[in-house]
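*Asks:* Curious how this folds, go ahead:
(one chain, ligands or ions: 1)
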Amino acid sequence: MQTQLFIAGTWRDGSGGETIAVTDPATGEHIADVASATPADATAACEAAHQAQLVWAAAPPRDRAEVLRRCWELMMANQQELAELIVREQGKPMADAKGEVAYAAEFFRWNSEEVARIRGTVGTAPSGANRMIVHHPPVGVVVIVTPWNFPAAMITRKLAPALAAGNGVVIKPPTETPLTALRVAEIMTEAGVPGGLVNVTVTNDPGAWFDAAVDHPATRMVSFTGSTAVGKKLLKRSADRVLKTVMELGGNAPFIVFEDADVDAAVAGALTAKMRHSAETCTAANRFYVHADVADEFTEKFAAAMAAVNVGNGFEQGSECGPLIHERQLDKVAALVDDAVGAGAEVVTGGHRLDVPGSFFAPTVLRNVSPDSPITREEIFGPVAPIITFTDTDEMIDQANATEMGLMGYVFTQDLAKGLAVSERIQAGLIGLNRGAASDPAAPFGGMKQSGLGREGSTEGIYEFCETQYIATNW
Ligand code: SIN
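*Replies:* Residues are numbered from 1 along each chain as shown. You can find the predicted model right below:
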């Protein structure tokens, strides 16, 4: 298991000699001590990325594409081992972890296919005075900061398009799940990624690390996935150097079930939208708006499905929901539930911590939830589904949009025209229409409002890592 920093193509300890303990959230067991990067290490990583990027950007697109494709092949060849690391340090069930590795690897394959298709345009100025050539060079060095809920995929979703566009990168994985990131760096080296192009530095001093990374003159962009609160701080700091930013921030997804929905399909969709990856996704359904005509049927069936979810250590055969990442998250989820119940919500199933070692919470369904209670405004990041009954569509849409977040929404109805019309009115970057999941490396992922800036994935995702240059000329 690799536990050192990866800087300039070499494995080394942090220059301050400090380490970070990594624990298994299912057992509380100590797994490893990982080297912690100092600001000086961040500077060294940016310098290495800068030097390597100059060569990488000049390489033929086809060469870059082939290296990225090998990254996909090698990640898939190591799928089981990577999934085991993810389960160990993050806690999600093995099936989700294997799914995450395939999802993460796919960003390499998709971007390897897109490298040769980074397009520009040639036109004539309206006055006829000159030709207008527009092309898209890489930005330079990209600082990537990622969360613990997808230890592999949140890295590759940024890393693969950044490399495709010809950039060098410095990655700061979270202290909770650094081991997967370090292993991905090792695999990428084996796949032919040049030394120095990708640097991985975990740190217990993120503020000072970020200051040093942002202040390196070659750094031109910050790409972050995490909470809106942290995103705002990084945006402010990035503004000091007028850096380009892509921000994938928090969510508060409404899940809407109309009276004409196929209730069984809505229940299956709700289970996916709420519970995938142990309910720790920013796209997770956070508030359920269910029409009064189907509210009882939906609530009973959904509660039965939630009660049947197999909660346990991600390594256990058949585990469908692992622990929350740590005790702090468990406390937050428990407090939101207690608060909702105190305000009149009824627990249909769950509603409590599990009396076992590790940070487990019972899959929970609450009904009679007030549309204004904190549980409908905060991102829960846990296996809790608050249900709000509605009769008036306009009022429900106003409530669904009454949030500063706008990452994802879900709509269930058998009337496709109504579904599309309502989808267009939901202020969110992604909509699952009669589907409980939508993420795909070939589709744009990102939020409206305070859920973020920019998009990842799809063709759009590569251009985020490019500059635009216009050359006026005649020939
Ligand atoms: C996230 O929770 O940040 C990502 C979820 C996804 O890619 O589906």
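
*Asks:* drop to CA atoms for contacts and neighbour counts, all remaining ones
*Replies:* Noted.

*Asks:* doesn't residue 285 make contact with residue 274?
*Replies:* Yes. Applying C-alpha atoms under 8 Å, one finds residue 274 in contact with residue 285, separated by 5.0 Å.

*Asks:* Look at the two and report which has more neighbours.
*Replies:* For residue 274 against residue 285, the residue with the higher neighbour count under other C-alpha atoms under 10 Å is residue 285, and the figures read 33 against 29.

*Asks:* Find residues that contact each of residue 274 and residue 285.
*Replies:* Contact criterion C-alpha atoms under 8 Å, 6 or more residues apart in numbering; residues bridging residue 274 and residue 285 by contacting each: residue 385.

*Asks:* near the ligand, which residues of the stretch 251-400 of the chain?
*Replies:* 281-283 (C-alpha under 6 Å from any ligand atom).

*Asks:* Make JSON lines out of these and add secondary structure.
*Replies:* As requested, these are arranged in JSON lines below (DSSP: H, G, I helix; E, B strand; the rest coil):
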{"residue": "281", "secondary structure": "coil"}
{"residue": "282", "secondary structure": "coil"}
{"residue": "283", "secondary structure": "coil"}
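
*Asks:* Please check those residues and keep the buried ones.
*Replies:* Using 16 or more other C-alpha atoms under 10 Å as the burial test, these include 281-283 as buried.

*Asks:* list the helices and strands the helix or strand hosting residue 340 packs on?
*Replies:* In this assignment (DSSP states H and E), residue 340 forms part of helix 327-342. Contact here means 3 or more C-alpha pairs under 8 Å, 6 or more residues apart in numbering; DSSP states H and E; on that basis helix 327-342 packs against helix 374-377.

*Asks:* For the helix it packs on, list every residue counted as buried.
*Replies:* By 16+ other C-alpha under 10 Å, the buried positions in helix 374-377 come out as 375-377.

*Asks:* Can you name the next helix or strand after that helix?
*Replies:* Counting by DSSP H and E, the element that comes right after helix 374-377 along the chain is strand 384-390.

*Asks:* angle of that next one against helix 327-342?
*Replies:* Here strand 384-390 runs at an angle of 30 degrees relative to helix 327-342 (axes from the mean of the first three to the mean of the last three C-alpha atoms, to 10 degrees).

*Asks:* Are there helices or strands packed against strand 384-390, and which ones?
*Replies:* Counting contacts by 3+ C-alpha pairs under 8 Å, 6+ apart, the secondary-structure elements packed against strand 384-390 are strand 285-291, helix 292-307, strand 364-367.

*Asks:* mind saving the C-alpha coords of that strand as PDB?
*Replies:* Once non-C-alpha atoms are left out, strand 384-390 reads as follows in PDB (Å, rounded to 0.1, in the frame of the first residue of the first chain):
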ATOM      1  CA  VAL A 384     -32.900   9.600   5.600                       C
ATOM      2  CA  ALA A 385     -35.900  10.300   3.400                       C
ATOM      3  CA  PRO A 386     -38.200  13.100   4.500                       C
ATOM      4  CA  ILE A 387     -41.600  13.000   2.700                       C
ATOM      5  CA  ILE A 388     -43.700  16.100   2.100                       C
ATOM      6  CA  THR A 389     -47.200  15.600   0.600                       C
ATOM      7  CA  PHE A 390     -48.500  18.000  -2.000                       C
END
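
*Asks:* ok, then the element right after that strand?
*Replies:* For strand 384-390, the following helix or strand on the C-terminal side (DSSP H and E) is helix 393-401.

*Asks:* Let me see the mean pLDDT of that following helix.
*Replies:* Averaging pLDDT along helix 393-401 yields 98.

*Asks:* now swap in stretch 301-320 and tell me
*Replies:* Within the predicted structure, the mean pLDDT of stretch 301-320 is 97.

*Asks:* So what's the gap between it and the chain middle?
*Replies:* From the chain centre to the centre of stretch 301-320 is a distance of 23 Å (C-alpha atoms, centre = their mean, to the nearest Å).

*Asks:* Mind listing what's buried along it?
*Replies:* 301-303, 305-307, 309-315, 319-320.

*Asks:* Helix or strand with the lowest mean pLDDT in the chain?
*Replies:* For the chain, using mean pLDDT, DSSP states H and E, the weakest element among its helices and strands is helix 374-377, scoring a mean of 94.

*Asks:* can you pull the contacts of residue 215?
*Replies:* Residue 215 sits in contact with residue 241, where contact means C-alpha under 8 Å, 6+ apart.

*Asks:* Quick check on it: phi, psi?
*Replies:* Here the main-chain torsion angles of residue 215 (degrees, to the nearest 10) amount to phi -80, psi -10.

*Asks:* And it, how far from residue 388?
*Replies:* Between residue 215 and residue 388 the distance is 47 Å, computed by C-alpha to C-alpha, to the nearest Å.

*Asks:* Residue 140 too?
*Replies:* Using C-alpha to C-alpha, we find residue 140 at a distance of 48 Å from residue 388.

*Asks:* Same question for residue 152.
*Replies:* Summarising the geometry, the distance separating residue 152 from residue 388, computed by C-alpha to C-alpha, is 35 Å.

*Asks:* Please identify which of those two sits among more neighbours.
*Replies:* residue 152 (30 against 22).

*Asks:* hang on, isn't that one packed against residue 99?
*Replies:* No. Taking contact to mean C-alpha under 8 Å, the distance of 10.7 Å between residue 152 and residue 99 leaves them out of contact.

*Asks:* before we move on, back to that, looking at the helices and strands packed on strand 384-390, which one is packed in the most?
*Replies:* When neighbours are counted by mean count of other C-alpha atoms under 10 Å, the highest per-stretch mean among the helices and strands packed on strand 384-390 falls to strand 285-291, a mean of 27.

*Asks:* quick one: contacts of it?
*Replies:* 252-259, 270, 273-274, 298, 376, 379-380, 384-391, 396, 409-410.

*Asks:* Counting neighbours, which of those residues end up buried?
*Replies:* Members of the contacts of strand 285-291 that pass the buried threshold by neighbour count (16+ other C-alpha under 10 Å) are listed as 252-259, 270, 273-274, 298, 376, 379-380, 384-390, 396, 409-410.

*Asks:* picking that back up, elements contacting the least confident helix or strand of the chain?
*Replies:* Packing partners of helix 374-377 (3+ C-alpha pairs under 8 Å, 6+ apart): helix 327-342.

*Asks:* Report the backbone C-alpha coordinates of the helix it packs on in PDB.
*Replies:* Extracted in PDB, the C-alpha atoms of helix 327-342 (Å, rounded to 0.1, in the frame of the first residue of the first chain):
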ATOM      1  CA  GLU A 327     -19.000  10.100  14.000                       C
ATOM      2  CA  ARG A 328     -19.400  13.800  13.200                       C
ATOM      3  CA  GLN A 329     -21.600  12.900  10.200                       C
ATOM      4  CA  LEU A 330     -23.500  10.400  12.200                       C
ATOM      5  CA  ASP A 331     -24.200  13.100  14.900                       C
ATOM      6  CA  LYS A 332     -25.300  15.600  12.200                       C
ATOM      7  CA  VAL A 333     -27.800  13.100  10.600                       C
ATOM      8  CA  ALA A 334     -29.200  12.100  14.000                       C
ATOM      9  CA  ALA A 335     -29.700  15.700  15.000                       C
ATOM     10  CA  LEU A 336     -31.600  16.500  11.700                       C
ATOM     11  CA  VAL A 337     -33.900  13.500  12.400                       C
ATOM     12  CA  ASP A 338     -34.500  14.400  16.000                       C
ATOM     13  CA  ASP A 339     -35.200  18.000  15.000                       C
ATOM     14  CA  ALA A 340     -37.700  16.900  12.300                       C
ATOM     15  CA  VAL A 341     -39.500  14.600  14.700                       C
ATOM     16  CA  GLY A 342     -39.600  17.300  17.400                       C
END
